[in-house]
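*Asks:* sequence unavailable; structure follows:
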DNA sequence: AACAATTGTTGTCGTCAACAACAATATTTC
DNA sequence: GAAATATTGTTGTTGACGACAACAATTGTT
């Protein structure tokens, strides 16, 4: 069935217990000893989670000066590329709940980056647009985002980054 | 400087506004029209985030019968591979806070999968061990996790999965 | 012995996803 | 056209999660 899926590991005590013998300089304590992970290697989900944490932290750090977080950036990007979209459409596009988008837009509207315009074709919905300030800001954000992307390339290699984007293109 | 970083996009209204003309069957409404994303493609963080969401949902769904979530699985795996580890060591290994690990272990201990044993070398810390039940359960969890991993391979291709694991090996 | 550091624990805060409920409006059905 | 149904934006609640701060017990350092 499984080529080599279920590893027979599970029995690999790394002896992180009675290792305190030594003598003079106990240079590293128990926690610093390398912890074997066995069952964790080979799990795509774990690697992806750790990578996602790193990549988000770098994005936030790189765009800290303009105080834009990944979700805000994605919202601005979609609105900038498709002016007039409704909140439902943006939410569905980005896979976030419309309830959550409300607060995001509140924040962006307070910062004069986005406007909610009453749609005349459907008086329930709002047509979303970037303000002039929003468009100018987004251009700056995109420059910083490109710098962040360069950090990613440095971290995993440019070729690997390209390959990764190709592998995950279906999820974009 | 930037090879092709900052795309000059930002101006691509997809005309999702006055499109309601038609006549009889208005088969798809605004939201169903394909939304161009422009600025979002080429961003590794976004693709990784979406993939991570998918992969976690599949993991949770695949292990729903045994009610084990990714974080719990990772904790059990690390303890199973390194019996006797302290909570600090496990937390540091998995990149989670020791405060959070407390609750995770409470839950796992309630389910008789893990035991906190008083360490004799350091009376502050607990040596973590799987119970007999815990070891047997973990073996089952690993089988289900392998099935989940097969889902990943079906989704992105087995070769791509291998390559992705290699690219992200540094984060494991 | 006095001081500082570590471990497990508890608690708070802010972010986020998943729901449920609601008023206003649009669409469908009779 | 009126009644039933669905959708949109909004508000609120819940639970998972990361980041902190504070604390008692214990260990390490000076």
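*Replies:* Nice, thanks for sending it over. The structure displayed is predicted, hence computed values, not measured ones.
*Asks:* which residues touch the most centrally placed residue in chain A?
*Replies:* Nearest to the mean C-alpha position of chain A, counting by C-alpha atoms, centre = their mean, stands residue A:56 at 4.2 Å. Listed by C-beta atoms under 8 Å, 6 or more residues apart in numbering or on different chains, the contact set of residue A:56 reads A:70, B:45, B:49. Heads up, the C-betas are built off the backbone N, CA and C, glycines and all.
*Asks:* where's the second one relative to residue A:77, distance?
*Replies:* When C-beta to C-beta, to the nearest Å is applied, the distance between residue B:45 and residue A:77 equals 12 Å.
*Asks:* how about the last one?
*Replies:* Here the criterion is C-beta to C-beta. By it, residue B:49 lies 14 Å from residue A:77.
*Asks:* which one's more surrounded, those two?
*Replies:* Using other C-beta atoms under 10 Å in any protein chain shown as the criterion, residue B:49 and residue A:77 rank with residue A:77 on top: 24 against 21.
*Asks:* the more buried one sits in which helix or strand?
*Replies:* Applying DSSP states H and E as the criterion places residue A:77 in helix A:70-81.
*Asks:* that helix and DNA strand C in contact?
*Replies:* Yes. Residues of helix A:70-81 contacting DNA strand C under C-beta under 7 Å from any atom of the strand: residue A:71.
*Asks:* low pLDDT regions in chain A?
*Replies:* Applying pLDDT under 70 to chain A flags residues A:1-38.
*Asks:* enumerate the residues of it near DNA strand D.
*Replies:* Selection of chain A residues close to DNA strand D by C-beta under 7 Å from any atom of the strand yields A:26, A:86-88, A:91, A:98-99, A:102, A:105-106, A:116, A:122, A:124-126.
*Asks:* now for the residues you listed: which two are most distant?
*Replies:* Greatest spatial distance among the residues of chain A next to DNA strand D (C-beta to C-beta): A:26 and A:122, at 70.4 Å.
*Asks:* what about residue A:145, how many residues close to it?
*Replies:* Residue A:145: 24 neighbours (other C-beta under 10 Å).
*Asks:* starting at the chain centroid, how far to stretch A:87-107?
*Replies:* Relative to the centre of its chain, stretch A:87-107 is centred 17 Å away, using C-alpha atoms, centre = their mean, to the nearest Å.
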